[in-house]
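Visitor: Sequence below, structure please.
(chains A and B)
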Amino acid sequence: EDKVVQSPLSLVVHEGDTVTLNCSYEVTNFRSLLWYKQEKKAPTFLFMLTSSGIEKKSGRLSSILDKKELFSILNITATQTGDSAVYLCAVGLIQGAQKLVFGQGTRLTINP
Amino acid sequence: DGGITQSPKYLFRKEGQNVTLSCEQNLNHDAMYWYRQDPGQGLRLIYYSQIVNDFQKGDIAEGYSVSREKKESFPLTVTSAQKNPTAFYLCASSIGLLRGVYKEQFFGPGTRLTVL
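Guide: Next up is the predicted model:
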């Protein structure tokens, strides 16, 4: 059974801190790993990673994939209250269609 | 503005009733998806469609049905056979693999369904 596990499930930090969110996976037919941010409703896309060791960066957010150890991390530096959200990790499969398998999500709370 | 719309935002249903959730996209995407999200859980795939007039069951299709008569629209019907339908339902779309492109899925704002 395809499985994606995120940790921690919940994290509370102070504004300005740096956080690291983890995502490990066990799937067949791996194609990509995606990170989404969900604040209230629609998840919004952050990154798609397909190759090991290549860091993707967008402002204070960055992510990297390790296909040998089957995990990814999402780093957020100098956190702001607007970073408070649920961060979802999903693994994209190739099974004749672009299916995503999601982890449970990490709820991140940034206190001022 | 291109995007995905879902309606209604909130929906209340009595036990034994079928309800239909709407999903429309104007992104010219071939593929569309329906997910269910329960508290403390990730998104689970209900149905997906790669092209008009074709769709496949996802991981939790029992008690649900879909149609894909138009490229822009992918409505989901929650039938009375769905034992625990109270959840947050998200629709998504992507360019799709038929064009040989692998890109991210875009999500709509969701419909929160409550069974009374």
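
Visitor: which residues of chain A fall in helices?
Guide: For chain A, applying DSSP state H gives no helices.

Visitor: From the structure, what's the count of residues near residue 92?
Guide: Looking at chain A here, since you left the chain open. Number of residues near A:Gly92 (other C-beta atoms under 10 Å in any protein chain shown) recorded here: 23. Every residue, glycine included, has its C-beta placed from N, CA and C.

Visitor: try chain B instead
Guide: Neighbour number of B:Ala92 under other C-beta under 10 Å is 25.

Visitor: Show the contacting residues for it.
Guide: B:Ile4, B:Met32, B:Tyr33, B:Trp34, B:Tyr35, B:Gln105, B:Phe106, B:Phe107, B:Gly108 (C-beta atoms under 8 Å, 6 or more residues apart in numbering or on different chains).

Visitor: Which residue, neighbours along the chain excluded, lies closest to the second one?
Guide: Just to be clear, that refers to B:Met32. The shortest distance from B:Met32 to any non-neighbouring residue, by C-beta to C-beta, 6 or more residues apart in numbering or on different chains, is to B:Phe74 (3.9 Å).

Visitor: And the contacts of B:Ala92, which two are furthest apart?
Guide: B:Trp34 and B:Phe106 (13.7 Å; C-beta to C-beta).

Visitor: More neighbours: those two, which one.
Guide: Using other C-beta under 10 Å, the more surrounded residue of B:Trp34 and B:Phe106 is B:Trp34, with 27 against 20.

Visitor: What lies in contact with the helix or strand hosting that one?
Guide: In this structure, B:Trp34 is located in strand B:31-37 according to DSSP states H and E. Residues from elsewhere that reach strand B:31-37, judged by C-beta under 8 Å, 6+ apart: A:97-98, A:100, A:102, B:23, B:25, B:43-51, B:58, B:60, B:64, B:66, B:68, B:74, B:76, B:87-98, B:105, B:110.

Visitor: Those residues in strands, which ones?
Guide: Among the contacts of strand B:31-37, the members falling in strands (DSSP state E) are A:98, A:100, A:102, B:23, B:25, B:43-51, B:64, B:66, B:76, B:87-94.

Visitor: Quick one: distance of stretch A:103-112 to the chain centre.
Guide: On the basis of C-alpha atoms, centre = their mean, to the nearest Å, stretch A:103-112 is displaced by 11 Å from the centre of the chain it belongs to.
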